[in-house]
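Participant: My questions concern the predicted model and sequence given below.
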Amino acid sequence: MPEDLAIEENLTALSNIDVPQLIETYVLPWGINIVMALAIFVIGKIVVNLIVSFVKKLMTKGKVDGILINFIASIVKTILLLFVVIASLNQLGVNTTSLIALIGAAGLAIGLALQGTLQNLASGVMLIIFRPFDAGHFVEAAGVSGVIEEIGIFTTTMRTGDNREVIIPNGEIFGGTITNYSKRSTRRVDMVFGIGYDDDIKKAKEIMSRVLAEDDRILEDPAPLVAVAELADSSVNFNVRPWCATGEYWNVYFDTHEKIKLAFDAEGISIPYPQMDIHQDKAA
């Protein structure tokens, strides 16, 4: 039978195989390569973890921000692990040259596709390094004013005065003007008060200076400024500019307006407001 003949031929071929030579020629070299590849991967991974740990300690001693430490550590670990994997594959006889070229091409394509994201990433790193503001600071950036809640790698979270949460891409913040109202320990409170032309300028100035002097939150150095700034259409306007601690800015601003208005009322100083006089001629 043909089937029996084929089976007999296969058995004969198997019996002619030199098993020791097969093991020596194929199995043993491949086994050694697999063991060496696994050893390279395991040892390489241990070395990578040691290097990453050393980099973290080095940056911690340099007082680098925690967010940036974790970010740089993750990048270093990924790159080093990539080299370990390539070395392991090379031990197995895989053509890693083509693999490296493929990874490079993929990285270029991903970089072009994520250009905006990479810009936000770079801006986030710069914000963390240079620290134009910290969490808790009141700033104005990218057209938004609010308190910094969190500085991330890609975005920054702010809380506005009416308790809205605003998430802004870091590229928009770092690429624009940043005004940090909390960076300095003191701030100047700029206010304008107007009195009527018939009122006593010196008396009004003394009243405003007294109100400022009675407020313990207002600093003596720099000294507060009370000066005539403008002779407007219907009022004589004073610039009132006291200094206070940054955290007291709005309290001083609101309280001073109220106190000066009450003091003017008590002393008979008028605060003019826009008005229109209409004169009607009687018909002849």
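Facilitator: Ah, there it is.
Participant: residue ranges with poor pLDDT in the stretch 1-150 of the chain?
Facilitator: 1-31, 67, 96, 98-100, 102, 106-116 (pLDDT under 70).
Participant: switch the cut-off to 80
Facilitator: Within the stretch 1-150 of the chain, the ranges that satisfy pLDDT under 80 run 1-33, 62-72, 74-75, 91-117.
Participant: for it, what spans make up the strands?
Facilitator: For the stretch 1-150 of the chain, the strands defined by DSSP state E, counting those that start in this stretch occupy 138-141, 144-151.
Participant: list the helices and strands the top helix by length along the chain packs on?
Facilitator: Looking across the chain with DSSP state H, the single longest helix is helix 28-61. Helices and strands touching helix 28-61, by 3 or more CB pairs under 8 Å, 6 or more residues apart in numbering; DSSP states H and E, are helix 66-91. (C-beta placed from N, C-alpha, C; glycine too.)
Participant: can you pull the buried residues of the helix it packs on?
Facilitator: Of the residues in helix 66-91, 67-69, 71-73, 76-77, 80-81, 84-86, 88-89, 91 count as buried by neighbour count, 16 or more other CB atoms under 10 Å.
Participant: Determine the number of other residues adjacent to the nearest residue to Phe71 once chain neighbours are set aside.
Facilitator: Excluding the flanking residues, the one nearest Phe71 by CB to CB, 6 or more residues apart in numbering is Ile153, at 5.6 Å. The number of residues packed near Ile153 is 18, by other CB atoms under 10 Å.
Participant: Just to be sure, Ile153 is in a helix?
Facilitator: No: counting by DSSP: H, G, I helix; E, B strand; the rest coil, one finds Ile153 to be coil, located in no helix.
Participant: what's the spacing between stretch 219-236 and its chain's center?
Facilitator: Mean-position distance between stretch 219-236 and its chain equals 39 Å (CA atoms, centre = their mean, to the nearest Å).
Participant: ok, which stretches of the protein are helices?
Facilitator: With helices called from DSSP H, the chain shows them at 2-15, 19-22, 28-61, 66-91, 96-113, 115-130, 170-174, 201-213, 249-267.
Participant: Tell me which of those helices lies nearest to Ser235.
Facilitator: Between Ser235 and the helices of the chain, the shortest gap by CB to CB is with helix 201-213, which sits at 10.9 Å.
Participant: Met158 is in contact with Glu149, isn't it?
Facilitator: Yes: using CB atoms under 8 Å, Met158 is in contact with Glu149, at 6.2 Å.
Participant: Of those two, give the one with the bigger neighbour count.
Facilitator: Met158 (25 against 15).
Participant: Report the beta-bridge partners for the residue nearest to the more buried one when sequence neighbours are not counted.
Facilitator: Distances taken as CB to CB, 6+ apart put Gly146 closest to Met158, at 3.8 Å, once the chain neighbours are dropped. With DSSP bridges as the criterion, Gly146 is bridged to Val139.
Participant: Pull the number of nearby residues for Gly146.
Facilitator: Gly146, neighbours per other CB under 10 Å, totals 21.
Participant: so what's it up against?
Facilitator: Going by CB atoms under 8 Å, 6 or more residues apart in numbering, Gly146 touches 138-139, 158-161, 164, 166.
Participant: Take the residues you listed and keep only those in strands.
Facilitator: 138-139, 158-159, 166 (DSSP state E).
Participant: Scan those residues and report the most crowded one.
Facilitator: Greatest neighbour count in the ones in strands among the contacts of Gly146, by other CB under 10 Å, goes to Met158: 25 neighbours.
Participant: Enumerate every residue touching that one.
Facilitator: Taking CB under 8 Å, 6+ apart as the criterion, Met158 is in contact with 139, 141, 144, 146-149, 165-168.
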